[in-house]
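Peer 1: Next come a sequence and a model predicted from it.
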Amino acid sequence: MGAALILARILAEPGQALSLDAAGWTALLTVARAENLFGTLAWRLTGLPAPERVAPILADARGWAEEQRRSALWEAEMVRRALTPLGVPVILLKGTAYAAAGLKAGQGRSIGDLDLLVPRARLDAVEAALIARGWEWVKPDPYDDVYYRRWMHELPPLIHRERDRMADVHHTILPLTARPTPDPEALIANAVPLSANGEGGLSVLAPADMIVHAAAHLFADGDLAGGLRNLWDIHCLIDEFGVDGLEARAALHGLRSQVLRAARQAHTLFGTEIPLAWQGWDSADPLFRRRLLARDGWGRAMRPLTRLGFYARSHWLRMPPGMLARHLWIKWRRGASAPE
């Protein structure tokens, strides 16, 4: 059994870690770190006996995850203070949303950038308000700026000059050039306020939309890098909320096949409970599983051809062929002309 698969099995059933020898613990911790699941693993192993040299490592990982959680929630609060005067719906996404809502998916989770969703019509006002509060552009290059604003699902990335924290401001959940076309107005309309009276200024996606977004991010907008972490999110969300109405909601956003694939993969790797009718694999599912588990016992990337294929696929999904060729040509020419 490969190291990444062992990690998946132990996340699902932490007691299996008790049978590991020293080499097994080394592989488990190394792969968990490589897949950004170190804090999640440490959280799942809370209360179980661990080897003397492993226990403090797990304790440190739990402390690190808690610090990330506090930092992420503070950054969300800073955004809330900046944007509340605008009266704009502000919806937290991904890790910060899970942490803010107290969900299982947020337990021990690695949280990087602050991702949020706002109405596209208010992007200019949101951007101006954030810049006035200390955020600035990460990508000042004119081509990148135009590319983001014309074709992407988010503004060019912003970073706060004092706190060094990134913010990704989305107006939908997939690039405008992608084949599926999610309905951002439906996402915003169904969002759930974090405060009981709805006056706190921050919301999260409705449960079904959270799962749809996670599946879109995993299977419709990337090369599956960090895929195990995203699939664990999906497992936790389905475990907490179930799947009632999920298929219809996914169909509304044009992401039914991605959501069902995510559910099948989560069922196979983590034992996620899904309807029997969803469990039959299609011909591509083994290849996706192969990519999700492409780590060796030292945490190193393996299966280079599979990774290359999914990298190419990620670009193909984002752009039509003519636009993709032009984009790659511009990127290659700029890279070739850059000073060494």
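Peer 2: Received it, and whenever you're ready, just let me know what you need.

Peer 1: just for the stretch 51-200 of the chain, where's the confidence low?
Peer 2: For the stretch 51-200 of the chain, the stretches flagged by pLDDT under 70 are 139-140, 143, 145, 196-200.

Peer 1: Strands of that one, residue ranges please.
Peer 2: Along the stretch 51-200 of the chain, the segments classed as strands by DSSP state E, counting those that start in this stretch run 91-93, 114-117, 135-137, 158-160, 166-170, 192-193.

Peer 1: can I get these in JSON lines with distance to residue 38?
Peer 2: Using the backbone N, CA and C atoms, a C-beta is placed for each residue, glycine as well. As requested, these are exported to JSON lines (distance: least, C-beta to C-beta, whole Å):
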{"stretch": "strand 91-93", "distance to residue 38": "22"}
{"stretch": "strand 114-117", "distance to residue 38": "20"}
{"stretch": "strand 135-137", "distance to residue 38": "28"}
{"stretch": "strand 158-160", "distance to residue 38": "24"}
{"stretch": "strand 166-170", "distance to residue 38": "20"}
{"stretch": "strand 192-193", "distance to residue 38": "29"}
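
Peer 1: Nearest to residue 33, out of those strands?
Peer 2: If you check each of those against residue 33 by C-beta to C-beta, strand 166-170 wins as the nearest, at 20.8 Å.

Peer 1: how about the one helix or strand residue 27 maps to as PDB, C-alpha atoms only?
Peer 2: Applying DSSP states H and E as the criterion places residue 27 in helix 22-34. Listed next in PDB are the C-alpha coordinates belonging to helix 22-34 (Å, rounded to 0.1, in the frame of the first residue of the first chain):
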ATOM      1  CA  ALA A  22       9.000   3.700  12.900                       C
ATOM      2  CA  ALA A  23       9.400   3.700   9.100                       C
ATOM      3  CA  GLY A  24       5.600   3.800   8.800                       C
ATOM      4  CA  TRP A  25       5.300   6.900  11.100                       C
ATOM      5  CA  THR A  26       8.100   8.700   9.200                       C
ATOM      6  CA  ALA A  27       6.300   8.100   5.900                       C
ATOM      7  CA  LEU A  28       2.900   9.100   7.300                       C
ATOM      8  CA  LEU A  29       4.200  12.400   8.700                       C
ATOM      9  CA  THR A  30       6.200  13.200   5.600                       C
ATOM     10  CA  VAL A  31       3.400  12.600   3.200                       C
ATOM     11  CA  ALA A  32       0.900  14.500   5.400                       C
ATOM     12  CA  ARG A  33       3.200  17.500   5.400                       C
ATOM     13  CA  ALA A  34       3.700  17.300   1.600                       C
END
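
Peer 1: buried sites along the stretch of helix or strand residue 239 belongs to?
Peer 2: Using DSSP H and E, residue 239 maps to helix 227-241. Neighbour-count burial for helix 227-241, with 16 or more other C-beta atoms under 10 Å as criterion, is recorded at 227-238, 241.

Peer 1: next one: the longest helix that the chain contains to chain centre, how far?
Peer 2: For the chain, the helix with the greatest residue count under DSSP state H is helix 55-83. Relative to the chain's own centre, helix 55-83 is displaced by 16 Å; criterion: C-alpha atoms, centre = their mean, to the nearest Å.

Peer 1: Can you list the buried residues in that helix?
Peer 2: 58, 61-62, 65, 68-69, 72-73, 75-76, 78-80, 82-83.

Peer 1: which helices and strands sit right next to it?
Peer 2: helix 38-44, helix 94-100, strand 114-117, helix 123-132 (3 or more C-beta pairs under 8 Å, 6 or more residues apart in numbering; DSSP states H and E).

Peer 1: picking that back up, quick one: average confidence on the helix or strand just after the helix holding residue 239?
Peer 2: Counting by DSSP H and E, the next helix or strand C-terminal to helix 227-241 is helix 246-252. When pLDDT is averaged over helix 246-252, the result is 97.

Peer 1: how distant is helix 246-252 from the center of its chain?
Peer 2: On C-alpha atoms, centre = their mean, the centre of helix 246-252 falls 20 Å from that of its chain.

Peer 1: Following element in sequence after it, please.
Peer 2: The helix or strand immediately downstream of helix 246-252 is helix 256-270, counting by DSSP H and E.

Peer 1: show me the contacts for residue 270.
Peer 2: 8, 11, 12, 231, 232, 235 (C-beta atoms under 8 Å, 6 or more residues apart in numbering).

Peer 1: now the angle from the longest helix of the chain to helix 22-34?
Peer 2: Per axes from the mean of the first three to the mean of the last three C-alpha atoms, to 10 degrees, the angle that helix 55-83 makes with helix 22-34 is 10 degrees.

Peer 1: And the helix or strand encompassing residue 10, what does it pack against?
Peer 2: Secondary structure assigned from DSSP H and E places residue 10 in helix 3-12. Where contact means 3+ C-beta pairs under 8 Å, 6+ apart, helix 3-12 is packed against helix 22-34, helix 38-44, helix 227-241, helix 256-270.

Peer 1: buried ones in that helix?
Peer 2: By neighbour count with 16+ other C-beta under 10 Å, helix 3-12 contains the buried residues 3, 4, 5, 6, 7, 8, 9, 10, 11, 12.

Peer 1: No further questions, thank you.
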